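Chemist: Return a 3D structure for these sequence lines:
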Amino acid sequence: MEQAMEYWSRGLSSVPDKKVCASHVDDYAISRFIKRNGEKDKCDYCGRQKNVVDLDALMEFLTDALTHFYTDPANFMSYVSAEGGYLGDYDGPWEMLENLGLSVEDDQLQDDIFNSLDHSSAWADEGVARSDFKYEGWLHFKHIVKHQSRFLFNSADSLRVGGRAISVASFLMELAIDIRKQRMLTIVEAGTPIYRCRQHINIDDVTEARHICSPDIKYATFPNRMSPAGVSMFYGAFDPKISKLETLQIDDVSRPYFTLAEFCPKDNLKLIDLSKIPYVSAFDQDRWELFDKVQFLHKFLDDFAKPIAHDGLQHIEYVPTQVITEYFRFAFAKTPDGKIDGIIYPSSKNRRLNACVLFFDHYESLDQLDFKESKIITEALTSLVL
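Modeler: Numbering: from 1, shown residues only. Prediction:
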């Protein structure tokens, strides 16, 4: 009876009496659980003598994550039969495990896991469903900085992340600490080529560094993803093709020329490298708190890569990424690591290659970057091949 109640609380039904090895799952945390807790025996799915665990033990491990991230909607949701059930978002245990990243290569093992679950049970994220926390993680942060407060955070600005409420200021501080811990700070050595592109009207508009470095603040009149209007920063890329892809608007016939230039830092630069965000499994129980922050950063990057319509509202849509950037820019100056010079991020045009933003305004970029005059290339937009 006690086991039946335990199964019910975990969303389990009847589990086959089988043994499974780590060869049939991709997730590192699940594989590690099997290897650490298994004993030498025959795997029922491949027939080999390997470290195996009972399927029952594996199901308990998987549903540890299920019960950590989700709960029975009956605990907090209204149920109205006339409306078709619970008044909120919920799903079955299999769907929720898939949401957490469960992927099983072996068809028979997948069937056994699926059939071990109680599909009459429902699961939901209590925090997201409650009206006082309409948004979770990155979505909640976006809502706060776009519609409530973007310049001053106090204890009333509670952010919900991974089942806990935390002030925005405290969460951002934790995020900065984890960026250091996860070795996401990188050094770009002096002399490393950084490419910058500018699209312009006349063929001779760009002939000197001052024409293509960070704009003077009087020309920084439009918001960018990481800098608001009035703040000048140096946007570049480590690959000339990415620099062009990130910059050029092919359909803008009013600016028929473009120039590509190469700059090199005179000194080593310290940058946050968002292409190094670690992968953290939802099944890695020792890193559940880090999982929430990693999810936040991934959603930040996803938002950064999304196209934003130039409909007059982009100054609002850019605010969340601008706030994160500004926090990183100034918060690290108060840490033992000292100030950072910019951020590396996967290009929105090709996520396998990186772009960067350096916290250099017009005069700082002229002073701290070498301009390779011999490497400047100006071409007509019609000649462009990407």
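Chemist: Report pLDDT for Tyr45.
Modeler: At Tyr45, the model reports a pLDDT of 98.
Chemist: Ok, Ser232 next?
Modeler: 96.
Chemist: what's around it, how many residues?
Modeler: When counting by other C-beta atoms under 10 Å, one arrives at 21 neighbours for Ser232. The way it works is simple: take the backbone N, C-alpha and C, and place the C-beta from them, glycine included.
Chemist: Tell me who's in contact with it.
Modeler: Neighbour list for Ser232: 214-217, 220, 361-362 [criterion: C-beta atoms under 8 Å, 6 or more residues apart in numbering].
Chemist: ok, now Phe234?
Modeler: So Phe234 contacts 196, 213-214, 263, 342, 357-360, 365, 369 (C-beta under 8 Å, 6+ apart).
Chemist: Can you lay out those as JSON lines showing pLDDT?
Modeler: Formatted as JSON lines, the contacts of Phe234 follow (pLDDT from 0 to 100):
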{"residue": "Arg196", "pLDDT": "98"}
{"residue": "Cys213", "pLDDT": "97"}
{"residue": "Ser214", "pLDDT": "97"}
{"residue": "Phe263", "pLDDT": "98"}
{"residue": "Gly342", "pLDDT": "96"}
{"residue": "Val357", "pLDDT": "95"}
{"residue": "Leu358", "pLDDT": "98"}
{"residue": "Phe359", "pLDDT": "97"}
{"residue": "Phe360", "pLDDT": "97"}
{"residue": "Ser365", "pLDDT": "97"}
{"residue": "Leu369", "pLDDT": "98"}
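Chemist: For Gln108, state which of those residues is nearest.
Modeler: Val357 (49.3 Å; C-beta to C-beta).
Chemist: give me the low-pLDDT residue ranges for the stretch 101-250 of the chain?
Modeler: Filtered on pLDDT under 70, the stretch 101-250 of the chain yields the residue ranges 126-138, 147-164.
Chemist: Could you verify that Ile113 is part of a helix?
Modeler: Yes. Ile113: assigned to a helix according to DSSP: H, G, I helix; E, B strand; the rest coil.
Chemist: Ignoring the adjacent residues along the chain, who's closest to it?
Modeler: Val104 (6.3 Å; C-beta to C-beta, 6 or more residues apart in numbering).
Chemist: likewise Gly38?
Modeler: Counting by C-beta to C-beta, 6+ apart, the residue nearest Gly38 is Asn51, at 3.4 Å.
Chemist: Then Val145?
Modeler: Nearest residue to Val145, sequence neighbours excluded (C-beta to C-beta, 6+ apart): Val323, at 4.8 Å.
Chemist: Am I right that the one you found is in contact with Lys142?
Modeler: No. Val323 lies out of contact with Lys142 (C-beta atoms under 8 Å); the separation is 9.4 Å.
Chemist: confidence score at the closest residue to Phe291 other than its chain neighbours?
Modeler: Distances taken as C-beta to C-beta, 6+ apart place Val280 nearest to Phe291, at 4.5 Å, with adjacent residues excluded. Val280 is assigned 94 on the pLDDT scale.
Chemist: Next: Phe69.
Modeler: At Phe69, pLDDT is 89.
Chemist: Trp288 now?
Modeler: pLDDT for Trp288: 90.
Chemist: Likewise for Val15?
Modeler: Note for Val15: predicted pLDDT of 95.
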